[in-house]
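A.B. asks: Take a look and give me a structure for this.
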Amino acid sequence: MFECRKCGKCCTLFHMFPEGDSIREALDSGDGICRYFDRESRLCSIYESRPIICNHARYYDEYLKDRMTCEEFDVFLNTFCERIRSDDV
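C.D. replies: Prediction:
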């Protein structure tokens, strides 16, 4: 099961989204970091109402449940999380 380590690395990847991407436009503070990322606490300032892209359970239910198992998505999330924490993206 995927469990967020609350490191904040995924909140700093908006520079990887293409220019004009609606997610990037809505969340990027202009420097590739999410506008809702509290740099001091390294936590989301709107966690309870965060966008679906930031909520892996909701994202899975909405977009992926008919394409892969929850276990497969957990493996993907754990692998991706491990890669971004090691700066291997």
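A.B. asks: Residue 65 - how many residues pack around it?
C.D. replies: 12 (other Cβ atoms under 10 Å). In short, each C-beta sits where N, CA and C put it, glycine included.
A.B. asks: cool, and residue 15?
C.D. replies: Neighbours of residue 15 (other Cβ under 10 Å): 10.
A.B. asks: And the closest residue to it other than its chain neighbours, what's its pLDDT?
C.D. replies: The shortest distance from residue 15 to any non-neighbouring residue, by Cβ to Cβ, 6 or more residues apart in numbering, is to residue 32 (3.2 Å). Per-residue pLDDT puts residue 32 at 94.
A.B. asks: so where's the chain uncertain?
C.D. replies: In the predicted model of the chain, residues 88-89 satisfy pLDDT under 70.
A.B. asks: was I right about the residue nearest to residue 15 contacting residue 14?
C.D. replies: Yes. Applying Cβ atoms under 8 Å as the test, residue 32 and residue 14 come out as touching, 4.8 Å apart.
A.B. asks: Comparing these two, which shows the higher neighbour count?
C.D. replies: residue 14 (22 against 14).
A.B. asks: ok, that one - contacts?
C.D. replies: 23, 24, 27, 28, 32, 33, 34 (Cβ atoms under 8 Å, 6 or more residues apart in numbering).
A.B. asks: how close does the nearest residue to it once chain neighbours are set aside sit to residue 44?
C.D. replies: For residue 14, ignoring the flanking residues on the chain, the nearest one in space by Cβ to Cβ, 6+ apart is residue 28 at 4.0 Å. Applying Cβ to Cβ, to the nearest Å, the value for residue 28 to residue 44 is 15 Å.
A.B. asks: Over to residue 32. Which of the three states is it?
C.D. replies: Three-state assignment for residue 32 (DSSP: H, G, I helix; E, B strand; the rest coil): coil.
A.B. asks: Let me know whether residue 27 touches residue 51 as I believe.
C.D. replies: Yes. With contacts counted by Cβ under 8 Å, residue 27 reaches residue 51, the gap being 6.9 Å.
A.B. asks: Confirm residue 15 sits in a helix?
C.D. replies: Yes. When three-state DSSP is applied, residue 15 is found to be in a helix.
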